[in-house]
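Colleague: Task: produce atomic coordinates for the following.
(one chain, ligands or ions: 1)
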Amino acid sequence: MSYRIAVIVGSLRHDSYNRQLAEALARLAPRELEFVPVRIDDLPLYDQDDDSHQSEPVRRLKTEVADAQGLLFVTPEYNRSIPGVLKNAIDHGSRPYGQSAWADKPAGIVGISVGAIGTAVAQQHLRTILAYLDVPTLGQPEVFLQHKTGFFAPDGGIASEGTKQFLQKFMDRYAEWVKHHADRIANR
Ligand code: FNR
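Modeller: Numbering: from 1, shown residues only. Sure thing, here's the model as predicted:
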């Protein structure tokens, strides 16, 4: 069986470290996991008045999430929380009331920032939001990365062998955990 992972990057920046991290992580994944980037840059600002007629980008987001067996959030920290664009996407996917696309999708959370605590506070906020949305989140290992020059290798991989091994451990655990949840749901 193959498992589709919807990858949601919380930065729209062209050279986003988090997007680069998402791409580097996908390389560490086992073959059964297919990483599919989810676009959030064309979503309108969330407006509850639109719940009865969601726009095409919103319906696309919800379909991509619904079709996935797992989620991977790769996000920077903005002012000690998650970026507004990520919260906007999460809010869109959660509505209309009772028709959330997120519920029961197992999620991993990772992030890289230039700050020393590597998105730790943003990740805690994200865990709180996802708990409300009934999204189980992988607890360990936590992945708080600080970007410094040379973090990414020229080929787009992770330059440091130690960091690469750590991320491989995360990926192995994440993959097992997604499979466990997906198989449980498939056998309901
Ligand atoms: C930041 N940055 C940042 N870093 C951090 O560690 N903690 C923080 O609270 C913030 N706050 C913050 C707010 C805003 C509005 C911006 C634009 C940036 C710095 C952030 O880590 C850096 O810009 C990263 O490069 C953002 O990730 P991407 O875009 O490279 O993926």
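Colleague: Up against the ligand, what does this structure have?
Modeller: Within the chain, the positions near the ligand by CB under 6 Å from any ligand atom are 11, 13, 16-18, 76-80, 113-115. The C-beta positions use only the backbone N, C-alpha and C, and glycine is treated the same way.
Colleague: Next step: those restricted to helices.
Modeller: Those of those mapping onto helices are Tyr17, Asn18, per DSSP state H.
Colleague: Can you list which of the residues of the chain next to the ligand are found in strands?
Modeller: Counting by DSSP state E, the residues of the chain next to the ligand place Ser113 in strands.
Colleague: Scan the residues of the chain next to the ligand and report the most crowded one.
Modeller: In terms of neighbours by other CB atoms under 10 Å, the residues of the chain next to the ligand top out with Glu77 at 26 neighbours.
Colleague: so what's that residue up against?
Modeller: Gly111, Ser113, Gly115, Thr119, Ala120, Val121, Ala122, Gln123 (CB atoms under 8 Å, 6 or more residues apart in numbering).
Colleague: and with 6 Å instead?
Modeller: Residues in contact with Glu77 (CB atoms under 6 Å, 6 or more residues apart in numbering) are Ser113, Thr119, Val121, Ala122.
Colleague: May I ask which two of these are separated the most?
Modeller: Ser113 and Val121 (9.9 Å; CB to CB).
Colleague: Just give me the longest helix of this structure.
Modeller: Longest helix in the chain, counting by DSSP H: helix 161-186.
Colleague: which SS state does Gly111 fall under?
Modeller: strand (DSSP: H, G, I helix; E, B strand; the rest coil).
Colleague: quick one: the strands in the chain?
Modeller: Going by DSSP E, the chain shows strands at 3-9, 33-37, 70-74, 107-113, 143-146.
Colleague: Just name the most buried of the ones you listed.
Modeller: Highest mean neighbour count among the strands of the chain (mean count of other CB atoms under 10 Å): strand 70-74, with a mean of 26.
Colleague: what's that one in contact with?
Modeller: Contacts of strand 70-74 (CB under 6 Å, 6+ apart): 5-9, 18, 21-22, 105-110, 178.
Colleague: Highest neighbour count among the contacts of Glu77?
Modeller: Counting neighbours by other CB under 10 Å, the top entry in those is Thr119, with 29 neighbours.
Colleague: Which pLDDT value does the model give it?
Modeller: Here the pLDDT value assigned to Thr119 is 98.
Colleague: what's the answer for Asn187, then?
Modeller: At Asn187, the pLDDT recorded in the model is 88.
Colleague: now swap in Gly93 and tell me
Modeller: 98.
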